[in-house]
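> Need coordinates for the following:
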Amino acid sequence: QVQPVESGGGSVQAGGSLTLSCAASGYSRYSMAWFRQAPGKNREGVAAIDAQGTTTYADSVKGRFTISKDSAKNTLWLQMNSLKPEDSAMYYCAAGWIGGNRLDDRRYDNWGQGTQVTVSS
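Numbers count the residues shown, from 1 in each chain. Here you go, the predicted structure:
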């Protein structure tokens with residue numbers, strides 16, 4: 001398995017935007033997702049996209065985040081707008097979906113190393 005590689009994290013003020021990218025050779029045709037984990041909290045599903053391009057979002061990010069992919073470029077993106085301090089976390093790209101709930105981290109078997117997003121108030 002080729003491990004996904006995330007990029008694009010950084011520090012931004014509240015209300016700002018960031019775009020995360022995930023290089024995911026061999027996986028981009030299938031369901032993939034973004035997860036995040038803040039210190040002291042469980043990892044949570046943020047957004048997922050299936051093979052047909054159907055998207056699923058956590059309620060906390062609906063209307064602010066957009067997940068997309070380009071299978072030809074083997075790339076997954078997460079466009080994050082109107083960022084809030086509570087969005088601060090390590091963001092992970094997940095691949096190798098094994099079925100079931102696409103926002104459940106137990107349903108993926110291949111993970112990137114993560115990219116840090118910090119939103120200041």
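> Relative to the whole chain's centre, how far out is the longest strand seen in the chain?
The single longest strand within the chain, with elements called by DSSP state E, is strand 89-97. Put simply, strand 89-97 sits 6 Å off its chain's centre (Cα atoms, centre = their mean, to the nearest Å).
> Report all helices and strands that it contacts.
strand 5-7, strand 18-23, strand 32-37, strand 108-111, strand 115-120 (3 or more Cβ pairs under 8 Å, 6 or more residues apart in numbering; DSSP states H and E). To be clear about C-beta, it is placed using only N, CA and C from the backbone, and glycine gets the same treatment.
> in its sheet, what does that strand sit against?
strand 32-37 (antiparallel), strand 108-111 (antiparallel), strand 115-120 (antiparallel) (DSSP bridges).
> now that strand against strand 18-23, angle please.
When axes from the mean of the first three to the mean of the last three Cα atoms, to 10 degrees is applied, the directions of strand 89-97 and strand 18-23 differ by 30 degrees.
> Return strand 89-97 as CSV; C-alpha atoms alone will do.
Extracted as CSV, the C-alpha positions of strand 89-97 are listed here (Å, rounded to 0.1, in the frame of the first residue of the first chain):
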residue,chain,number,x,y,z
ALA,A,89,-6.6,20.0,14.8
MET,A,90,-4.3,17.5,13.0
TYR,A,91,-6.1,16.7,9.7
TYR,A,92,-5.7,13.2,8.2
CYS,A,93,-6.4,11.8,4.8
ALA,A,94,-7.9,8.3,4.9
ALA,A,95,-8.0,5.7,2.2
GLY,A,96,-8.7,2.0,1.8
TRP,A,97,-12.4,2.2,2.7
